[in-house]
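*Asks:* Pasting the sequence and the predicted model now:
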Amino acid sequence: MNGATHTNNRRAKICGIVLFGVVGIAVAESVEVDCSGQGVDASLTGFLGATALGILAFKGFTTITNSGSELKNPHKNVGRAIIISIALCVVIYALVGFAVASNLSLPEIIETKNYSLAAASKPALGVYAVWFTVVLAMLATAGGIVASIFAVTRTLAMLTEMKLVPHSHFGMPGSIQKHTLVYTVLLGLLLTVFFDMTRIAALGIILYLIMDIALHWGIFRHLREEIGANPAILLGAIFLDLIVLAGFIWIKISSDVLVVGVAGAIMVTILAAEALFLRYNQVEDDAVSQRH
């Protein structure tokens with residue numbers, strides 16, 4: 001029942017976004033993108049920064065990969081699910097992008113960035129477009145948060161069981177994944193208290209890209225022969241991640257250096273804590289190595 005409910009919610013969100021995109025294009029005088037505008041960063045670093053923001057739109061694939069054990073024939077269906085998801089995302093984002101850009105100028109898009117799709121559809125749907133967009137945004141945000149929390153807590157639980165990260169029950173009953181769920185939600189609440197959504201997104205981009213680089217490098221160094229990974233793809237992914245990360249950090253240093261400082265502090269803290277934990281838990285680490 002829960003699975004059917006989640007599926008229906010996802011279908012409703014997709015259909016709603018597609019509806020807005022189609023309506024926006026239908027009411028437009030012409031389907032074109034006006035890139036002219038003053039005060040807009042059209043440099044290479046600006047493009048890389050926008051690319052980094054776009055990465056968040058495709059971050060949901062961590063949910064697919066973390067659900068591999070629950071799929072039938074995961075070796076075949078995980079890859080198929082990712083390809084289908086990419087295709088759907090590209091089509092929907094392109095539809096929405098053309099709908100917005102065909103009805104609003106670039107300065108208007110920047111001014112209405114939080115509700116630009118509603119503003120683009122407003123000529124046809126009136127003020128109700130804003131309310132529909134709010135409802136869709138709430139559904140999409142809730143679904144995205146739940147999916148991300150599921151992926152994160154599942155990964156943390158797996159690493160905890162492998163004795164690779166520290167863990168404490170703090171007197172809580174239940175499984176390890178329930179504990180990691182509590183910790184993840186509390187950390188998310190702390191972030192919302194001290195930072196706005198723009199800064200949280202920026203922190204997520206920096207930490208996500210660094211994590212992606214670390215994972216690709218770890219696979220390249222230790223697992224590529226065991227799992228048959230292509231070294232060229234791994235190194236190419238690392239190279240592209242580094243380019244996007246460098247461009248995004250350059251922009252943030254000039255516009256919001258606090259985000260870069262906080263991200264750096266978080267990474268240093270994680271590395272130091274992990275180094276100390278693994279240093280004093282050699283027996284458990286060796287046991288895990290033998291197990292794999």
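*Replies:* Structure received.

*Asks:* Please spell out which residues along stretch 196-203 are buried.
*Replies:* Arg199, Ala202, Leu203 (16 or more other CB atoms under 10 Å). Glycine gets a C-beta too; all of them are placed from N, C-alpha and C.

*Asks:* To clarify, my last question referred to stretch 227-234.
*Replies:* Buried residues in stretch 227-234 (16+ other CB under 10 Å): Leu234.

*Asks:* Need the CA coordinates for it. CSV is fine.
*Replies:* C-alpha atoms of stretch 227-234 as CSV (Å, rounded to 0.1, in the frame of the first residue of the first chain):
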residue,chain,number,x,y,z
ILE,A,227,34.3,-5.4,-10.5
GLY,A,228,35.6,-4.9,-14.0
ALA,A,229,35.3,-1.1,-14.0
ASN,A,230,36.7,0.9,-16.9
PRO,A,231,39.7,3.0,-15.7
ALA,A,232,39.1,5.6,-18.4
ILE,A,233,35.5,6.2,-17.3
LEU,A,234,36.6,6.5,-13.6
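
*Asks:* Excluding sequence neighbours, find me the nearest residue to Gly21.
*Replies:* Spatial nearest neighbour of Gly21, excluding adjacent residues (CB to CB, 6 or more residues apart in numbering): Leu95 at 3.7 Å.

*Asks:* Who are the packing partners of the helix or strand where the one you found lies?
*Replies:* According to DSSP states H and E, Leu95 maps onto helix 74-103. Under the contact definition 3 or more CB pairs under 8 Å, 6 or more residues apart in numbering; DSSP states H and E, helix 74-103 sits against helix 2-27, helix 61-66, helix 116-125.

*Asks:* Give me the subset of the buried residues of stretch 196-203 lying in helices.
*Replies:* Arg199, Ala202, Leu203 (DSSP state H).

*Asks:* Surely the residue nearest to Gly21 and Val23 touch.
*Replies:* No - checked against CB atoms under 8 Å, the pair Leu95 and Val23 is beyond contact range at 10.6 Å.

*Asks:* Which one's more surrounded, these two?
*Replies:* Neighbour totals were compared for Leu95 and Val23, and Val23 leads with 20 against 17 (other CB atoms under 10 Å).

*Asks:* Quick check, pLDDT for the more buried one.
*Replies:* In this prediction, Val23 carries a pLDDT score of 73.

*Asks:* Specify the local secondary structure of His167.
*Replies:* coil (DSSP: H, G, I helix; E, B strand; the rest coil).

*Asks:* Now for it, how many residues are close by?
*Replies:* 16.

*Asks:* List the residues that contact the nearest residue to it once chain neighbours are set aside.
*Replies:* Closest residue in space to His167, ignoring its immediate chain neighbours: Thr160 at 4.5 Å, by CB to CB, 6+ apart. Contact analysis of Thr160 by CB atoms under 8 Å, 6 or more residues apart in numbering lists His167, Ile176, Thr180.

*Asks:* The first one contacts Ile176, correct?
*Replies:* Yes - at 6.7 Å, His167 and Ile176 qualify as touching, with contact defined as CB under 8 Å.

*Asks:* for stretch 46-58, which positions count as buried?
*Replies:* Applying 16+ other CB under 10 Å to stretch 46-58 flags Leu48, Gly49, Ala52, Ile55 as buried.

*Asks:* What strand or helix carries the closest residue to the second one other than its chain neighbours?
*Replies:* This means Gly49. The shortest distance from Gly49 to any non-neighbouring residue, by CB to CB, 6+ apart, is to Ile251 (4.3 Å). Assessed by DSSP H and E, Ile251 sits inside helix 231-255.
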